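A.B. asks: Need a 3D model of the sequence below.
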Amino acid sequence: MEIKILGTGCPKCKALEKLTREVVEKNGFDASITKVEDIMDIMKYNIMTTPALVVNEKVEIKGRIPSAEEIKQVLSKY
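C.D. replies: Numbers count the residues shown, from 1 in each chain. Down below sits the predicted model:
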């Protein structure tokens, strides 16, 4: 699965990236994680607030930092 973390580099964006990487590693998900910081690329996803978690080009979570359990549930669907 392809995971993208959308965010310009703010503390919340970095926290979401760190948490997502931990969940993927801990649960053995087969995933590539990319950080998208370019505002023009972020705008293509039609979100107004960051950070956002995108899985296989679908925006799953936006505007907040989810719990590790919530990230795990989202990734389990893929």
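A.B. asks: which residues of the protein fall in helices?
C.D. replies: Using DSSP state H, the helices of the chain run over 11-27, 39-43, 68-76.
A.B. asks: Confirm for me that Leu75 is in contact with Asp30.
C.D. replies: No. Leu75 is not in contact with Asp30 according to Cβ atoms under 8 Å; the separation is 10.2 Å. For every residue, glycine as well, the C-beta is placed using N, CA and C.
A.B. asks: where do the contact lists of the two overlap?
C.D. replies: Common contact partners of Leu75 and Asp30 (Cβ atoms under 8 Å, 6 or more residues apart in numbering): Met1.
A.B. asks: And the two? Which one has more around it.
C.D. replies: Leu75 (19 against 7; other Cβ atoms under 10 Å).
A.B. asks: tell me the centre residue of the protein?
C.D. replies: Among the residues of the chain, the one closest to the centroid is Leu53, at 2.6 Å (Cα atoms, centre = their mean).
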